[in-house]
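J.: Predicted coordinates and the sequence they were generated for:
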Amino acid sequence: MLEANIHNVKTKKTSVAHATPAEGEASAVVTIGPARLRIEDVLAVATGSARIELDNSPAFRKMLERTVDMLDRHIENGTAIYGVTTGFGATCETAVPASLSAKMAANLVRFHGCGTGQILGETEAAAVMVVRLASLAQGRSAVRPLLLDRLCQLLNLRILPRIPCEGSVGASGDLTPLSYIAAVLIGEREVSFDNRVMPAADALDAAGIKPIELRPKESLALMNGTSVMTGLACLAYERARRAARWAAAITAMASDVLRGNRHHFDPRLFLAKPHPGQLACARWIADDIAYAARESKRDGRIQDRYSVRCAPHVIGVLLDSLTFIRQTLETEINSSNDNPLFDPDTGDVLHGGNFYGGHVCMAMDMLKIAVANVADLADRQMALLCNPQMSNGLPADLVAHASEEQVSHHGFKAMQISTSALAAEALKLTMPASVFSRSTESHNQDKVSMGTIASRDALRIIELTETVLSIVQLAVCQAVDLRNSERCHLRSRELHQAIRSVVPVNDADRRQDHDIHRVLDLYRTGALPIGAVDFPAD
């Protein structure tokens, strides 16, 4: 569940972070209007924890209608406007008569219906819709309030487009995947609604909604933006933030069960190199192991291996990257990123390239690397736990079987192989998407961002990392059992209790894939006590 404060939200009874909507009724409302939208607002609506509405003040509605009126005057005056009185892309020099503008708007939606790959989940599709709403509500895109109200209505009813994940080069925006939102508005393609997949026309009819006939520029405004990459990036941001806290909690457990040097997490060390995320991670671990600076020095090895000693330095990089990523994403969310735009003060038509997703792509390429390094860190901790030469007395592969048949059991041997495979796949995916620009569309789109690929890669790396952490979580809990909880502190005890409520100790060889999924379920439903995720500050 989201651990966030909601900006622009009018709360009814319960906070969005812990709301459980009943029968489609959410407990809070996110208002799309003059105020800036935050990542938490996007996530609240995307997860169904909040409803969404368009600001109903006359001033805001008038601001939206101003550029619609400007567009009409330009059409009457014969002004050349890309995508309205001209063709699209490389055919921008082809004149299109005003009588065909509406037809061309519908055709833009239809010929971009060529997406491939897996269908975005409902939360992902909803996040994309919220981000597109926020952009169009900036009032520079010549889009009627009616259209934005309809998007709000679809989100609240959870009539969500079935959006294929592949087919965007990230400039001119996310044309192909966003066409699936525009198509629903005109009653075409498919949606998820009422726990079913059905034709959009049937869902609209069931909800008593009439399809919209898109006016000139409206299909282009809906499609020519960065909202798929940004919506997915918002989800990646929150998942990465929580994964960082989980990795810190597991590190604290590893320090306990490996009988590590607790002084590695003394706050004075991190004040000497005060990267904020590194400081936060060290504080988390120190709190989790109940570290006190005055406690006596430990016997034995003076310094732990890097995967424990330097965990705040690895996880801290991820945390510090999130500060930049938040700023980047929230700038993108609250931007006009289609083309052309209209100056609401002068009425000038501005032809440009705000649909280019380079900033989101760079942010997600950064996130990919930082998260994959956490997966690698956890995999190295797994290696320490399974190696009796490095684990300070734990049995090889954490075998807990105690009878004369012990030599025929293998504990976490295969689980370590799995963490290595998962971490390797995560690391492989860190190749930056931004360097794979391809010239396309008759060399009109000759330099593109690939931002949507970067966001999809980031989500996949996070998924792999969460799975690595779930396996290592099981391993450290096994080690707690093998140590009989000796020298185990707050986080070890709480996490061990939570895991043992759904997964028994591994005291004989058995399949463990179900164990992994049970841990992931605990984590993803917010039932795993990983500790408060209080960085970056909301």
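T.: Now that the structure is in, tell me what you want to look at.

J.: so Leu232 sits right up against Thr452, yeah?
T.: Yes. Taking contacts as Cβ atoms under 8 Å, Leu232 lies within contact range of Thr452: 7.3 Å. From N, CA and C alone the C-beta is placed, and that goes for glycine too.

J.: the more surrounded of these two?
T.: Thr452 (32 against 27; other Cβ atoms under 10 Å).

J.: Which helix or strand contains the more buried one?
T.: Using DSSP states H and E, Thr452 sits within helix 451-482.

J.: buried stuff in that helix?
T.: Across helix 451-482, burial judged by 16 or more other Cβ atoms under 10 Å covers 451-459, 461-462, 464-482.

J.: Quick one: residues in contact with the next helix or strand after it.
T.: Next along the chain after helix 451-482, taking DSSP H and E as the criterion, comes helix 490-500. The contact list for helix 490-500 (Cβ atoms under 8 Å, 6 or more residues apart in numbering) reads 249, 252-253, 256-257, 287-290, 473-474, 476-477, 480-481, 485, 488, 519, 522, 527-531.

J.: list the helices and strands the helix or strand just after helix 490-500 packs on?
T.: Using DSSP H and E, the next helix or strand after helix 490-500 towards the C-terminus is helix 513-524. The elements that helix 513-524 packs onto, with contact taken as 3 or more Cβ pairs under 8 Å, 6 or more residues apart in numbering; DSSP states H and E, are helix 451-482, helix 490-500.

J.: Between helix 490-500 and the first one, find me the angle.
T.: The one in question is helix 451-482. Counting by axes from the mean of the first three to the mean of the last three Cα atoms, to 10 degrees, helix 451-482 lies at 90 degrees to helix 490-500.

J.: Hey, what's the angle from helix 451-482 to helix 513-524? Just curious.
T.: Using the same axes, to 10 degrees: helix 451-482 against helix 513-524 is 110 degrees.

J.: helices or strands up against helix 451-482?
T.: On a contact count with 3+ Cβ pairs under 8 Å, 6+ apart, helix 451-482 meets helix 227-257, helix 358-386, helix 413-428, helix 490-500, helix 513-524.

J.: List the buried residues of the second one.
T.: What it means is helix 358-386. By 16+ other Cβ under 10 Å, the buried positions in helix 358-386 come out as 358-386.

J.: Could I get the contacting residues of the residue nearest to Arg262 when sequence neighbours are not counted?
T.: For Arg262, ignoring the flanking residues on the chain, the nearest one in space by Cβ to Cβ, 6 or more residues apart in numbering is Tyr291 at 5.1 Å. Tyr291 sits next to 262-263, 265-266, 285 when contact means Cβ under 8 Å, 6+ apart.

J.: list the buried ones in stretch 159-176?
T.: By neighbour count on 16+ other Cβ under 10 Å, the buried set for stretch 159-176 is 159-165, 167-176.

J.: Any regions of the stretch 1-150 of the chain where pLDDT drops low?
T.: 1-26 (pLDDT under 70).

J.: quick one: the helices in it?
T.: 39-46, 58-76, 101-111, 122-136, 145-157 (DSSP state H, counting those that start in this stretch).

J.: For these, give me TSV that also has mean neighbour count and distance to Ser439.
T.: Listed next are the helices of the stretch 1-150 of the chain as TSV, based on neighbours: other Cβ atoms under 10 Å; distance: least, Cβ to Cβ, whole Å:
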stretch	mean neighbour count	distance to Ser439
helix 39-46	28	32
helix 58-76	16	31
helix 101-111	17	20
helix 122-136	26	26
helix 145-157	19	33
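
J.: right, and these - which one's nearest Met223?
T.: helix 101-111 (6.8 Å; Cβ to Cβ).

J.: Also compute the angle for the closest one relative to helix 58-76, please.
T.: Using the same axes, to 10 degrees, helix 101-111 lies at 100 degrees relative to helix 58-76.

J.: Which elements pack onto helix 101-111?
T.: Judged by 3+ Cβ pairs under 8 Å, 6+ apart, the packing partners of helix 101-111 are helix 175-185, helix 218-223.

J.: what's Pro164 sitting at in phi/psi?
T.: phi -60, psi 140 (degrees, to the nearest 10).

J.: hang on, isn't it packed against Thr116?
T.: Yes. Contact status for Pro164 versus Thr116: in contact at 5.5 Å, counting by Cβ under 8 Å.

J.: show me what contacts Thr465?
T.: The contact partners of Thr465, taken as Cβ under 8 Å, 6+ apart, are 243, 371-372, 374-375, 378, 422, 426.

J.: Now for Gln389, how many residues are close by?
T.: Gln389 - counted by other Cβ under 10 Å - has 7 other residues nearby.

J.: now it: how far from Arg301?
T.: 12 Å (Cβ to Cβ, to the nearest Å).

J.: quick one: the residue nearest to Arg262 and Leu269, what's the gap?
T.: Tyr291 sits at a distance of 11 Å from Leu269 (criterion: Cβ to Cβ).

J.: what touches both of those two?
T.: The contact sets of Tyr291 and Leu269 do not overlap (Cβ under 8 Å, 6+ apart).

J.: Greatest separation within the contacts of Tyr291: which pair is it?
T.: Spatial extent of those (Cβ to Cβ) is set by the pair His263 and Ile285 at 11.8 Å.

J.: Which residue of the two possesses the greater neighbour count?
T.: Shown here are His263 and Ile285; by other Cβ under 10 Å, Ile285 has more neighbours (28 against 19).

J.: check contacts around that one.
T.: 248, 251-252, 255, 265, 291, 311-312.

J.: tell me which of these is nearest to Asp513?
T.: Using Cβ to Cβ, the contacts of Ile285 come closest to Asp513 at Thr251, 24.6 Å.

J.: quick one: that closest one from Ala292, how far?
T.: 18 Å.

J.: got it, and Phe342?
T.: From Phe342 over to Ala292 (counting by Cβ to Cβ), the distance is 62 Å.

J.: ok, the two, which is more surrounded?
T.: The neighbour count for Phe342 versus Ala292, taken as other Cβ under 10 Å, is higher for Phe342 (24 against 9).

J.: ok, for the more buried one, nearest residue in space, not its chain neighbours?
T.: The shortest distance from Phe342 to any non-neighbouring residue, by Cβ to Cβ, 6+ apart, is to Thr67 (4.1 Å).

J.: these two touch, right, that neighbour and Leu136?
T.: No. If you go by Cβ under 8 Å, Thr67 and Leu136 don't touch, sitting 10.4 Å apart.

J.: Common neighbours of those two, please.
T.: Contact criterion Cβ under 8 Å, 6+ apart; residues shared by Thr67 and Leu136: Val143.

J.: can you pull the contacts of Ala433?
T.: 361, 364-365, 450-451, 453-454, 457.

J.: With Ala46 instead?
T.: 123-124, 126-127, 130, 231, 234-235.

J.: could I get the residues you listed as JSON lines with distance to Arg150?
T.: Output for the contacts of Ala46, formatted as JSON lines (distance: Cβ to Cβ, whole Å):
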{"residue": "Thr123", "distance to Arg150": "20"}
{"residue": "Glu124", "distance to Arg150": "20"}
{"residue": "Ala126", "distance to Arg150": "15"}
{"residue": "Ala127", "distance to Arg150": "18"}
{"residue": "Val130", "distance to Arg150": "14"}
{"residue": "Gly231", "distance to Arg150": "18"}
{"residue": "Cys234", "distance to Arg150": "22"}
{"residue": "Leu235", "distance to Arg150": "24"}
